[in-house]
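Colleague: Sequence and predicted structure are below.
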Amino acid sequence: RGGQQQRAIPFAQPGNLTRVLAVASGKGGVGKSSVTVNLALALAKQGRAVGILDADIYGHSIPDLLGLGDARPTVVDDMIMPVPAMGGLRVISIGMLKPSRDQVVAWRGPILDRALTQLLADVYWGDLDYLLLDLPPGTGDVAMSLGQKIPSSEVLVVTTPQTAASEVAERAGTMAHILEQRVLGVVENMSWMETTCPHCEQSHRLELFGSGGGALVAEALTERFVYEVPLLAQIPFDESLLSGGDRGTPIVESHPDHPSAQAITGLAEQVA
Ligand code: ADP
């Protein structure tokens, strides 16, 4: 925007009614993006207007998860139009700002900060009930500048049940708190896998990635903060969630009856 003055971020203005929910994790691969997409769809199913800002510079997998391919935003009257996706979602990914799909983003501090401001201020989001932000893993630059730009933003911390994962997740939650963002709660993903025992034919919960990580993070954050940070959901491992990610068909849409989809629908009810 050349020498022009930068637009203000609507979500940071007093009286703005959009709830900005940042989805954070301590490390990559815990299902942060999958949770973001499915939570967005579950909220949309409740009749809410939902936008997703994919700010995960390392992963930016949101367009793939929603089957958007190489869709790019259009520009109308100097404003960036988000890409419409299933369920009425409006989506912008930091990856859409890259000249080509294969280019690696090696932006640092100031450039990244400017990109985030642009995605928040120059995108025509319209009236949103929720804006979900998929943050890069860790406690890095993006999380920090978001907390400064939109202090009213709230944070969901995603972790796996593993103790090692929960320790880094706790750090991500603590960072949010230092930035005075409210930590809404903890989401434990890949909590267990439902299996049928070949011998007794009963259903068992196979704890693939350990157990207790989510509760641990919630307890640790509650102890540290002045309010309760609950464990909001436990999402089982589900083949359909894995393959749906590859095919661009999120489980909340494709298999709403599966326990993982129901866990995310329950999460949406608690968030709302
Ligand atoms: P992150 O955003 O934390 O890096 P992703 O959402 O990209 O993680 O998930 C990492 C991988 O794990 C993806 O292949 C995704 O499909 C898969 N995955 C995430 N959650 C589940 C789950 N509950 N069950 C099965 N596969 C999952």
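Modeller: In hand now; what should we look at? This one's a predicted model, so the numbers in the text were calculated from it and none came from an experiment. Numbers count the residues shown, from 1 in each chain.
Colleague: Just to check, residue 10 is in contact with residue 17?
Modeller: No: Residue 10 is beyond contact range of residue 17, at 10.3 Å (criterion: C-beta atoms under 8 Å). Yep, even glycine has a C-beta here, placed from its N, CA and C like the rest.
Colleague: Show me where the stretch 101-250 of the chain has its strands.
Modeller: Counting by DSSP state E, counting those that start in this stretch, the stretch 101-250 of the chain has strands at residues 130-134, 154-159, 182-189, 193-196, 203-206, 231-235.
Colleague: quick one, which of these is packed in tightest?
Modeller: Most buried of the strands of the stretch 101-250 of the chain, by mean neighbour count (mean count of other C-beta atoms under 10 Å): strand 154-159, with a mean of 27.
Colleague: which one of residue 10 and residue 17 has more residues nearby?
Modeller: Set residue 10 next to residue 17 and count neighbours by other C-beta atoms under 10 Å: residue 10 wins out with 18 against 8.
Colleague: For the ligand, see how far away that one is.
Modeller: Distance, residue 10 to the ligand, by C-beta to the nearest ligand atom, to the nearest Å: 26 Å.
Colleague: ditto for residue 68
Modeller: Residue 68 is 15 Å from the ligand, by C-beta to the nearest ligand atom.
Colleague: what does residue 164 give?
Modeller: 15 Å.
Colleague: check whether stretch 18-35 contacts the ligand.
Modeller: Yes: judged by C-beta under 6 Å from any ligand atom, stretch 18-35 and the ligand are in contact via 25, 28, 29, 30, 31, 32, 33, 34.
Colleague: now those in CSV, with distance to residue 251, pLDDT and secondary structure?
Modeller: Listed next are those as CSV, based on distance: C-beta to C-beta, whole Å; pLDDT from 0 to 100; DSSP: H, G, I helix; E, B strand; the rest coil:
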residue, distance to residue 251, pLDDT, secondary structure
25, 19, 91, strand
28, 20, 89, coil
29, 17, 90, coil
30, 16, 93, coil
31, 11, 95, coil
32, 15, 95, helix
33, 13, 96, helix
34, 8, 97, helix
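Colleague: and these as CSV, adding distance to residue 163 and neighbour count?
Modeller: Below are the residues of stretch 18-35 next to the ligand laid out as CSV (distance: C-beta to C-beta, whole Å; neighbours: other C-beta atoms under 10 Å):
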residue, distance to residue 163, neighbour count
25, 15, 29
28, 18, 14
29, 16, 12
30, 13, 25
31, 17, 24
32, 18, 28
33, 23, 24
34, 22, 26
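Colleague: out of those residues, what pair is the most spread apart?
Modeller: 28 and 34 (12.0 Å; C-beta to C-beta).
Colleague: thought residue 259 was touching residue 234?
Modeller: No: assessed by C-beta under 8 Å, residue 259 is found out of contact with residue 234, at 9.6 Å.
Colleague: Low-confidence stretches in this protein?
Modeller: Filtered on pLDDT under 70, the chain yields the residue ranges 1-5, 101-108, 139-140.
Colleague: Right, I'll call it a day here.
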